[in-house]
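[1] Sequence first, predicted model second:
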Amino acid sequence: FSFSPLSLKSDEEAELLQTVDVDKYMSGSGCPGITGDNAADFFFEVATNSTAPIGLLFQVDKLPAIALYRTALSAVLLVFVYLCIVTDVVHRTLVAMVGAFFSLLLLATMNYHASMQTALVWMDEGTLALLFGMMIIVNLISTTGLFEFVAIRALDMSKGNMGKLMVLLCIATAVMSAFLDNVTTMLLLAPVTIELSKVIEMNPIPFLISEVMFSNIGGTATMIGDPPNIIIGNMLSDYVGFVDFILNLAPCIFLASFPSLFFLKWYYFDDFNVPDKVFDMEALKKQYPITDPVLLAKSGIILSAVLLLFFLHPVHHVDTSWVACVGAVGLMVIATPHELHHVFESVEWDTLLFFAALFVMIEAMATMGLIRSIGEGLSAIISAAPEDDRLIVAIIVILWVSSIVSGFLDNIPYTATMVPVVKLLSENEGLNLPLKPLVWALSLGACLGGNMTLVGASANLVTAGTAEHGGHPISFKDFMKVGTPITFISV
């Protein structure tokens, strides 16, 4: 048997994994000339056209027979977990935790025993810390009456027209997501929307789902707007920069926004097509004033500094998770140094646990080769296309596969896995594909595909957690009814 050629670059590591069915070769069939006692002896012959010395590291892991079906088993487990989430049999956090434990059990049956340290690394502490810090900051700000104050001003601008109010909220969400990140944006806007819905006596779910759709759409426009773009920008910093994202993606997002907005207005026609409501705005402004101006000033300074550092991430390169946590600690020190119990009560622990368990499950499945199989399938499809059409085929395949897969697998681990695949495709001399078009296809697919299901993007889960905390749970099915058409329209 032979392995595929591996492209190498100076000062970079490359990895090649290969599964070999030893029983097949020990029987003598399929490996001419090796029989009897010598059937278990394997030799590696490596050839290279490099004139520079190359270091090689071989690692052989003995796997049980069940490992031949590890990709299929992980796919079955993934489908089962998502079916449980879709049907709301039990709380999604518990489903994710059970899925994580079973994925680790599958790994253990294949002689891969993930340590607690490994599981903690898989949890993506950066995302969890970012959410934790922003939840604390947002909660402390919410005690000042700012969200109610902003909600009343938005209502005043809409003149009581619910459709116009929805458009205003979607535009604000998209713009904020482009220059912050969509997770932070929804942490800020979801409480405002819930408070606003109480004032106008409407169900907040149509507003929340519309906002989170545009948080994913707007966040796609810049390198710092959506976690997949942050991953792509960091892993391919030698090839694409902050300005490249804006120049190549922002026009696409501008065009995708209009049909998406029209669809939302059509889908929620019965919710938004109500007679313009008349409110006594002066009375509402008096009813919902700023209750703690001093705390608002303190928290405003902290939040402004945090958001500014988020925006300047390409300059200072400090992880946004550190910025959020430092901001949260600083705000607690100056705002509530003697009272932390209620602050920590406001943290949505079930949402954080869901993220942690989901990350562990996806990383375990990646270890079993599920996501790698997806990447290999992409390479095979592109290679089969005529040479003149390979770039178009590659863009279409990466765009749509990324959209669909990101809808069901969280787009953060998927993007982290696909960036090396895209890079290898561009380095394959036989395919002759430029890198940047593939990068933009991956970015658009992964970010916009996150709208498809509730678990497709981090912002979706944060919004669902905030809505549930406010007494308005968003079901997987209800989200998918809106998210799937939006994904196909925008992509």
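    Received the coordinates, thanks. Numbering: from 1, shown residues only.

[2] Quick check: closest non-adjacent residue to H113.
    Take H113 and drop its neighbours on the chain: the residue closest to it by Cβ to Cβ, 6 or more residues apart in numbering is L107, 7.4 Å away. Placement of C-beta: from N, CA and C, glycine included.

[3] Which residues belonging to the helix or strand where the one you found lies are considered buried?
    Assigned by DSSP states H and E, L107 belongs to helix 92-109. Within helix 92-109, the residues that count as buried by 16 or more other Cβ atoms under 10 Å are 92-93, 95-100, 102-104, 106-107.

[4] same thing with stretch 154-173?
    In stretch 154-173, counting by 16+ other Cβ under 10 Å, buried: 155, 158, 160-163, 165-167, 169-170, 172-173.

[5] Endpoint to endpoint, it covers what distance?
    13 Å (Cα to Cα, to the nearest Å).

[6] Need the contact partners of stretch 481-491.
    209, 213, 217, 256, 259-260, 263-264, 267, 399-400, 403, 407, 444-445, 448-449, 451-454, 456, 460 (Cβ atoms under 8 Å, 6 or more residues apart in numbering).

[7] mean confidence score for stretch 382-400?
    Taken as a whole, stretch 382-400 has a mean pLDDT of 86.

[8] Alpha carbons only: can I get that stretch in CSV?
    Only the C-alpha atoms of stretch 382-400 are listed here, as CSV (Å, rounded to 0.1, in the frame of the first residue of the first chain):
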residue,chain,number,x,y,z
ILE,A,382,-12.6,18.5,-6.2
SER,A,383,-10.0,16.3,-7.7
ALA,A,384,-12.6,14.5,-9.8
ALA,A,385,-13.7,17.8,-11.5
PRO,A,386,-12.1,18.9,-14.8
GLU,A,387,-9.0,21.0,-14.3
ASP,A,388,-10.6,24.2,-15.8
ASP,A,389,-13.6,23.9,-13.4
ARG,A,390,-11.8,22.9,-10.2
LEU,A,391,-11.8,26.4,-8.7
ILE,A,392,-15.5,26.9,-9.2
VAL,A,393,-16.2,23.4,-7.9
ALA,A,394,-13.9,23.9,-4.9
ILE,A,395,-15.6,27.2,-4.0
ILE,A,396,-19.2,25.7,-4.3
VAL,A,397,-18.3,22.5,-2.5
ILE,A,398,-16.5,24.2,0.4
LEU,A,399,-19.2,26.9,0.7
TRP,A,400,-22.2,24.5,0.8
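
[9] which residues touch I137?
    299, 302-303, 306, 324, 327-328, 331.

[10] Figure out the helix or strand that it lives in.
    Going by DSSP H and E, I137 is part of helix 125-142.

[11] which parts of that helix are buried?
    Neighbour counts over helix 125-142 (16+ other Cβ under 10 Å) mark 126-142 as buried.

[12] got it, and stretch 344-353?
    For stretch 344-353, by 16+ other Cβ under 10 Å, it's 347-348, 351-353.

[13] Please dump those residues into CSV; it should also carry distance to N203, pLDDT and secondary structure for every row.
    Listed next are those as CSV, based on distance: Cβ to Cβ, whole Å; pLDDT from 0 to 100; DSSP: H, G, I helix; E, B strand; the rest coil:
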residue, distance to N203, pLDDT, secondary structure
V347, 26, 82, coil
E348, 21, 79, coil
T351, 21, 78, helix
L352, 26, 84, helix
L353, 27, 88, helix
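
[14] from the residues you listed, which is closest to H113?
    Nearest to H113 out of the buried residues of stretch 344-353 is L353 (Cβ to Cβ; 22.9 Å).

[15] any weak-confidence spans in this protein?
    Where the chain drops to pLDDT under 70, the residues are 1-12, 14-15, 22-42, 86, 180, 375, 413, 417.

[16] what distance separates stretch 299-318 from the centre of its chain?
    21 Å (Cα atoms, centre = their mean, to the nearest Å).

[17] Can I get it in PDB, CA atoms only?
    Below are the C-alpha coordinates for stretch 299-318, written out as PDB (Å, rounded to 0.1, in the frame of the first residue of the first chain):
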ATOM      1  CA  SER A 299     -19.600  50.100  34.000                       C
ATOM      2  CA  GLY A 300     -19.800  52.300  30.900                       C
ATOM      3  CA  ILE A 301     -16.100  53.100  31.200                       C
ATOM      4  CA  ILE A 302     -15.200  49.400  31.700                       C
ATOM      5  CA  LEU A 303     -17.400  48.200  28.900                       C
ATOM      6  CA  SER A 304     -16.100  50.900  26.500                       C
ATOM      7  CA  ALA A 305     -12.600  49.800  27.300                       C
ATOM      8  CA  VAL A 306     -13.400  46.200  26.800                       C
ATOM      9  CA  LEU A 307     -15.100  46.800  23.400                       C
ATOM     10  CA  LEU A 308     -12.300  49.100  22.300                       C
ATOM     11  CA  LEU A 309      -9.800  46.300  23.100                       C
ATOM     12  CA  PHE A 310     -12.000  43.800  21.200                       C
ATOM     13  CA  PHE A 311     -11.900  46.100  18.200                       C
ATOM     14  CA  LEU A 312      -8.100  46.600  18.500                       C
ATOM     15  CA  HIS A 313      -7.400  42.800  18.700                       C
ATOM     16  CA  PRO A 314      -5.500  42.800  15.400                       C
ATOM     17  CA  VAL A 315      -3.100  45.300  17.000                       C
ATOM     18  CA  HIS A 316      -2.500  44.000  20.500                       C
ATOM     19  CA  HIS A 317      -3.200  40.300  19.900                       C
ATOM     20  CA  VAL A 318      -4.400  39.700  23.400                       C
END
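
[18] which residues touch it?
    By Cβ under 8 Å, 6+ apart, stretch 299-318 touches 137, 140-141, 144, 179-181, 184, 223-224, 230, 233, 241-242, 320, 323-324, 327, 330-331, 334-335.

[19] And the strands in the stretch 251-400 of the chain, which stretches?
    Secondary structure of the stretch 251-400 of the chain (DSSP state E, counting those that start in this stretch): no strands located.

[20] Return the set of buried residues in stretch 57-65.
    For stretch 57-65, using 16+ other Cβ under 10 Å, no residue counts as buried.

[21] Keeping just the C-alphas, turn that stretch into CSV.
    Extracted in CSV, the C-alpha atoms of stretch 57-65 (Å, rounded to 0.1, in the frame of the first residue of the first chain):
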residue,chain,number,x,y,z
LEU,A,57,8.5,11.0,13.6
PHE,A,58,6.6,7.7,13.4
GLN,A,59,4.0,6.7,15.9
VAL,A,60,2.2,3.4,15.7
ASP,A,61,-0.9,2.9,17.7
LYS,A,62,-2.5,-0.6,18.0
LEU,A,63,-6.3,-0.3,17.7
PRO,A,64,-9.0,-2.9,18.3
ALA,A,65,-11.1,-4.1,15.4
